[in-house]
Every structure is written in C-alpha cells, then in structure tokens.
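J.: Show me how the following folds:
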Amino acid sequence: MSFVNNGNVVFSEEQEALVIKSWNVMKKNSAELGLKMFLKIFEIAPTAKKLFSFLRESDVPLEQNSKLKAHAMSVFVMTCKSASQLRKAGKVTVGEASLKHLGATHLKYGVVDEHFEVTRFALLETIKEGVPEMWSVDMKNAWTEAFNQLVGAIKSEMKPASEA
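T.: Okay, the predicted model is just below:
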C-alpha cells in the first residue's frame, strides 16, 4: 500500500521496484506499446477518437497515423517515467509537460472520469502484454496506484482559467 505523507505520495519500495523493473524492459518498445495502448482505448471507447483533432481530420488507418503514433508514444513514456519516479520524487512528476498544461488540455478537450478509467485499463493490459513473464497481481496494483496518482495530479489542475 502507498500512503500520503505531508501531502506527498509515498510509493512503497516494492511497488517502485516492480514499476521500474517492467519499465526498463518496455522502454525499447515504447512506440509500439504506446500505439497498442491507444488502439485498446479506441477499441473499448470508439467515441474517444473524437477527442483528438488529428484523428477527426484524418482518413489514415489508426495504426499508420503518424500523429497518433507520436502522441501515443509520448503519453506512454510520460506515464511510465512518472510512475518510475513517483517514490524518489515523493510526488507526481511529468517531465517536459507541466501538470497545469496537462490539466488545461484535458479540460479543454472534455476528458472525463470514464476516459481515465478506460485509459487505466488499456495501460494495464498493454503492460501485461509487454512484460507477460513479470506480470503479477502486485505489479498490476503498483501500476494502478502510480496511474491513479498521475490522474489525481492531472485532475487537480483541470479547472477553468477563471479558477486557476
């Protein structure tokens, strides 16, 4: 279990080890895994495609859409890096993008709780396929906790500009 200490997330050493171990294996396939994750999202929730302007305006099959491939890889890498740094940083970190920017973008495009739930499911299924020999209930729980912390941090920044 993880717990909160002085408002910061504390991710257990065991959770951190499972996340880092699996991320180290998946890194080299992050483009392929990111695309797989997004294809799962669209399979579960086809209407989610409407959230992406570069998909609404494209006739290119999803698997070949260069903008989707780039977006999918960056989301997958950011999610995995954030998860692997959670314990060391003591809070959610997102690298290049700021949480404020991510919150504003998700708000602007109308992302709701169900979208995050579908994404969490797709992420877990993708990791399970990415590291089948390592997959366990503990690993699933570690990635779930890390993803939930990231989503919580993004949601905390999802407020209209007038409230920011």
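
J.: Near the residue nearest to residue 29 when sequence neighbours are not counted, how many other residues are there?
T.: Of all residues not flanking residue 29 in the chain, residue 130 sits nearest, at 6.6 Å (Cβ to Cβ, 6 or more residues apart in numbering). (Each C-beta comes from the backbone N, C-alpha and C, glycine too.) Residues within reach of residue 130, counting by other Cβ atoms under 10 Å, total 21.

J.: Tell me the pLDDT of residue 130.
T.: Residue 130 is assigned a predicted lDDT (pLDDT) of 97.

J.: what sits against it?
T.: Applying Cβ atoms under 8 Å, 6 or more residues apart in numbering to residue 130 gives the contacts 22, 25, 26, 29, 33.

J.: Just the buried ones out of those residues, please.
T.: Buried subset of the contacts of residue 130 (neighbour count, 16 or more other Cβ atoms under 10 Å): 22, 26, 33.

J.: Make CSV out of these and add distance to residue 77.
T.: Shown next, in CSV, are these (distance: Cβ to Cβ, whole Å):
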residue, distance to residue 77
22, 14
26, 10
33, 9
